[in-house]
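> Using only what follows, build the 3D model:
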Amino acid sequence: MYKQLLIVLNSRYKYKRFLIAFVIALTCVSLAIDIYNTLNYPGADLRNRVVGARLALEKIDPYFFKWQAGMSERLYDPMDKAEEVLSRLSVPPTVLILHLPIASLSYLQQKVIWLIFQWSVFVGIVFAFLKYNRDRYKRIFVFAIGIIFANSLFWRFHINSGQTYIFYTGLLTVSWLLLNHQFKYRELASGFFAGITASLRPPYILLFV
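As a prediction, this is how the structure comes out:
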């Protein structure tokens, strides 16, 4: 009986190891796809923010700028329509501030940096919830959701376009974690990060309600 129990436990352990190895390998494939897409596709949503930051450094209004022949290609957004009054830039100036430190780098370098940034924030969110939840089943649920999300089409599109939603989610995660810790100024600290999120994405001001 004891030997049979050991056999069952060992078989379950091998099954878990195989499953974990499989999902990690699958996620690595997804990361490889993201790297390929970053190196080979334009990243439409990132491009307008990069151009906007460069225009801001040149002291040019990025919301009304229209590129013309003879101008630097560093200020060119191929998705922008010349017949429209406004540019394609739709983020507030606070978002452009995030891009200012790397605005002088090449667009490819910025795409790679943004790829690393997005994946780092995503992994940080998953690990934050894994650490916060002590319940075994909740940790399994968080891990499973993280794996599913990392391999979803939404995440592929998010990375390929160079979007910012994962950054907002990361800030809100920090805000939520601080609110659930017991220290004197936890509401103030939590509200600070919620406020930063709202400054980057104004509709999030509803969080304060």
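> doesn't residue 96 make contact with residue 200?
No - Residue 200 lies out of contact with residue 96 (Cβ atoms under 8 Å); the separation is 10.2 Å. Just so you know, the C-beta spots here come from the backbone N, C-alpha and C atoms, and that holds for glycine as well.
> If you count surrounding residues, which of the two has more?
residue 96 (21 against 18; other Cβ atoms under 10 Å).
> for that one, what are its contacts?
Each residue near residue 96 by Cβ atoms under 8 Å, 6 or more residues apart in numbering is listed here: 49, 52, 53, 56, 62.
> Measure how buried the fourth one is and give me the count.
When you say that, I think you mean residue 56. Other residues within reach of residue 56, judged by other Cβ under 10 Å, total 17.
> List the residues that contact it.
If you count contacts by Cβ under 8 Å, 6+ apart, then residue 56 has 62, 93, 96, 100, 103 around it.
> isn't the last one right up against residue 52?
No - using Cβ under 8 Å, residue 103 is not in contact with residue 52; the gap is 9.1 Å.
> These two - which one has more neighbours?
Shown here are residue 103 and residue 52; by other Cβ under 10 Å, residue 52 has more neighbours (27 against 19).
> all strands in this structure, in order from the N-terminus.
Under the criterion DSSP state E, the chain carries no strands.
> re the thing from before, tell me which of the contacts of residue 56 fall in helices.
Using DSSP state H, the subset of the contacts of residue 56 located in helices is 93, 96.
> Any chance you could list what contacts stretch 145-159?
23, 26-27, 30, 33-34, 37-38, 115, 118-119, 122, 125-126, 163, 165-166.
> What subset of those residues is buried?
Among the contacts of stretch 145-159, those classed as buried by 16 or more other Cβ atoms under 10 Å are 23, 30, 34, 37-38, 115, 118-119, 122, 125-126, 163, 166.
> ok, which pair from these is furthest apart?
Across these, no pair lies farther apart than 23 and 163, at 24.1 Å, counting by Cβ to Cβ.
> Count the residues that sit near residue 78.
10.
> Wait, it touches residue 43, no?
No - under the criterion of Cβ under 8 Å, residue 78 makes no contact with residue 43, lying 11.3 Å away.
> ok, and the helix or strand in this protein with the lowest average confidence?
helix 2-40 (a mean of 72; mean pLDDT, DSSP states H and E).
> Could you report the distance from the closest residue in space to residue 179 that isn't next to it in sequence to residue 148?
Among residues not flanking residue 179 along the chain, residue 190 sits closest, at 3.9 Å (Cβ to Cβ, 6 or more residues apart in numbering). As judged by Cβ to Cβ, to the nearest Å, residue 190 and residue 148 stand 28 Å apart.
> of these two, who's got more company?
Comparing residue 190 with residue 148 by other Cβ under 10 Å, the one with more neighbours is residue 190, at 19 against 11.
> what sits against that one?
Contacts of residue 190 (Cβ under 8 Å, 6+ apart): 175, 176, 178, 179.
> Look at the third one and say how many residues are nearby.
Residue crowding around residue 178 was assessed by other Cβ under 10 Å; the count is 19.
> So for stretch 137-154, mean pLDDT?
For stretch 137-154, the mean pLDDT works out to 89.
> Pull out the buried positions in that stretch.
By neighbour count on 16+ other Cβ under 10 Å, the buried set for stretch 137-154 is 142, 143, 146, 147, 150, 151.
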